[in-house]
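A.B. asks: Below are the sequence and a predicted model for it; my questions follow.
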Amino acid sequence: MSLPFLLWASGAFLCAVVLLSASIFDLRSREIPDKVWLIPAPISALLTAVRLLLKPELAISVAISICLSALIGIAIYFSGLMGGADAKAIVFISISVPTYEQAPILALHPFVPLATFSNALLATIAVPFLMLARNLAWKIKTGRRLFEGLEASRLSKMLAPLVGYKVRAEELREARFLFPMEDVVDEGGAVKRRLVLTVRVGQEEELSERVLEAVRKGLISDYVWVSPGLPLLIFMALGYLLALALGDLVFYTIFAILSALL
């Protein structure tokens with residue numbers, strides 16, 4: 001076993017430990033302290049630097065990987081697709097494992113961070129199907145309509161079961177990571193409830209307080225549509241492990257389809 005491979009494997013293992021640790025923080029509190037990234041970052045950078053000294057021909061690939069990772073991190077942060085911790089995770093992966101030393105069978109490009117991001121996006125595709133299954137199970141169990149008593153457009157009704165589900169009103173009061181998908185308006189004692197799929201930045205807390213106040217007053221005593229705050233870093237960690245074991249599943253699938261068509 002060569003020294004460059006040992007250095008790569010050490011960086012890959014350290015990165016896996018950091019991502020799994022960050023995932024635990026994300027699952028528990030949805031907040032990842034900066035020290036999770038900052039403390040191991042110098043070690044990861046040193047391992048990569050020594051590997052480059054032994055194999056200087058990798059310099060261009062490593063530079064491209066780090067630049068790609070920075071662009072992906074900036075894009076997902078400012079687009080709101082993922083959070084700041086996910087952007088930091090991509091950058092940390094680029095420092096620790098910018099490229100493969102021995103590529104797995106489905107790795108059609110050498111960039112581990114890019115493969116991680118692609119696999120993470122693929123993993124999140126399962127979420128809407130799980131949401132839909134939960135909503136169908138609720139409807140079968142209760143025998144009730146999903147949007148009973150709610151004002152909502154046809155498009156909102158089509159999208160809501162893919163991004164949220166219904167919980168009892170009292171659960172919303174005690175939940176830490178559930179966010180209402182409804183707005184409540186009290187018009188002269190008549191309560192009107194509207195399905196809300198998008199909320200302007202900065203208005204999330206206002207909407208939550210309005211719905212929770214309606215629950216406290218007993219204006220809502222049944223079920224409420226909610227969206228869960230998903231620990232997305234878990235998907236990033238899963239995408240990373242898939243990248244190491246298999247490669248870039250999305251890129252490989254696209255390549256396979258194009259090859260079949262051509």
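C.D. replies: Received, thanks. Residues are numbered from 1 along each chain as shown.
A.B. asks: which residues does the spatially most central residue of the chain contact?
C.D. replies: The chain has residue 232 as the residue nearest its centroid, 2.7 Å off, counting by Cα atoms, centre = their mean. Applying Cβ atoms under 8 Å, 6 or more residues apart in numbering, one finds that residue 232 lies in contact with 26, 82, 83, 86, 120, 124. C-beta: built from backbone N, CA, C; applies to glycine.
A.B. asks: Turn those into CSV, including pLDDT.
C.D. replies: Below are the contacts of residue 232 laid out as CSV (pLDDT from 0 to 100):
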residue, pLDDT
26, 92
82, 74
83, 76
86, 90
120, 94
124, 90
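A.B. asks: From the residues you listed, pick the one nearest residue 103.
C.D. replies: Lowest distance from residue 103 to the contacts of residue 232 (Cβ to Cβ) belongs to residue 120, with 18.9 Å.
A.B. asks: how close does the closest one sit to residue 32?
C.D. replies: 15 Å (Cβ to Cβ, to the nearest Å).
A.B. asks: out of the two, which sits in the busier spot?
C.D. replies: Between residue 120 and residue 32, counted using other Cβ atoms under 10 Å, the more crowded position is residue 120 (26 against 22).
A.B. asks: For that one, give me its contacts.
C.D. replies: Contacts of residue 120 (Cβ under 8 Å, 6+ apart): 86, 232, 235, 236, 238, 239, 240.
A.B. asks: Now tell me which of these the prediction trusts least.
C.D. replies: Of all the contacts of residue 120, residue 232 carries the smallest pLDDT score, 87.
A.B. asks: among the contacts of residue 232, which are in helices?
C.D. replies: 26, 86, 120, 124 (DSSP state H).
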